[in-house]
Structure formats: C-alpha cells, structure tokens
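Undergrad: pasting the sequence and the predicted model now:
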Amino acid sequence: MDDLDFEMVAASLRADTRDLTTFINVLADKLQGALPDRVMVRRGGGLFSRDKGVRSVAVDLGKTRYELEAERGRLTPRRATAVRGVTLKTEEIPLADWIDELSRELTEEAQRSEGARLALQRLLGA
C-alpha cells in the first residue's frame, strides 16, 4: 500500500466531521467491522435509555492505542503509548491528527500483515 491508500483510509475515517454524533457512530461501526479484535466501542444509555449512541471508541494497535471520546457534543481524541501492556503516556491530539495517525498506522500494518490488509479492505468497503 502506498500514500494513495493512506489518503483513502484517512478520507474514509474522516467522513463528515461536521456532525460529530454521526461521525463517531459511523466511525465506530467501520472500525469495529474491520478490526473486531482490536476495537472496543462503548455505547451510551441503559436498558430504558433512548440514547444508545457511541460514547467512546478505542483502537489498540499494540504500542499505540487511539481513543476517541464523545461527551456533550464534543469529541476528545487521545493517543496512548504502551510498552508491554503498560500505558506510559496518554495525550490529547487534534482530531485531524488523530485520523491521520490512525490511518497511517493501519496502512503500515497492512503492508506487514495479510490479516491487516484484509481488515483495511473491509474498512474501505472493498
């Protein structure tokens, strides 16, 4: 995969960030469908709640975990760095950087792994 593929992944993840509620729900569905063993989605509401929307998405890529949390109409993107399962550093980053970094890591992993390449194809709807 080359940079063109990275751009395709970034565009796919970026979708329409103007409507943040729709964005995080669509993003969570795409990522969970493509990488079910690496993505954890937390949804809101209880048994009788009407709001079943996505509250957070976490993508675990080994050394790096990308987290996106929705609260009160605001998204908080974070990148966490871990070594041997211990989180050393978590930092907030701009949403555009979060999308670009996650996309780049996914495309790099797809170059190394057949399973990751297939997951990336699912993410792109191929």
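TA: Here it is on my side, so go on.

Undergrad: pLDDT below threshold where in this structure?
TA: 1-6, 8-10, 12-18, 45-51, 125-126 (pLDDT under 70).

Undergrad: now the helices for it?
TA: Remark: helices assigned in the chain by DSSP state H are 3-14, 20-34, 95-112, 114-124.

Undergrad: the last one: how far from the chain's middle?
TA: Spelled out, it's helix 114-124. 14 Å (CA atoms, centre = their mean, to the nearest Å).

Undergrad: could you list the buried residues of that helix?
TA: Ala116, Arg117, Ala119, Leu120, Leu123 (16 or more other CB atoms under 10 Å). Bear in mind the C-beta positions are built from the backbone N, C-alpha and C, glycine included.

Undergrad: so what's the last one closest to, chain neighbours aside?
TA: Distances taken as CB to CB, 6 or more residues apart in numbering place Ala34 nearest to Leu123, at 3.7 Å, with adjacent residues excluded.

Undergrad: from what I see, the one you found and Arg122 are in contact.
TA: Yes: between Ala34 and Arg122 there is a contact at 4.3 Å, judged by CB atoms under 8 Å.

Undergrad: any idea how far the residue nearest to Leu123 is from Leu95?
TA: 19 Å (CB to CB, to the nearest Å).

Undergrad: so which of these two has more stuff around it?
TA: Neighbours were counted for Ala34 and for Leu95 using other CB atoms under 10 Å; Ala34 has more, 21 against 16.

Undergrad: separation between that one and Leu106?
TA: 9 Å.

Undergrad: and if you look at Glu69?
TA: Remark: distance between Glu69 and Leu106 (CB to CB) = 20 Å.

Undergrad: and those two? Which one has more around it.
TA: Neighbour totals were compared for Glu69 and Leu106, and Leu106 leads with 27 against 17 (other CB under 10 Å).

Undergrad: neighbours of Glu91, just the number please.
TA: Quick note: Glu91 (other CB under 10 Å) scores 9 neighbours.

Undergrad: so what's it up against?
TA: Arg78, Arg79, Ala80 (CB atoms under 8 Å, 6 or more residues apart in numbering).

Undergrad: at 7 Å instead, please
TA: Arg78, Arg79 (CB atoms under 7 Å, 6 or more residues apart in numbering).
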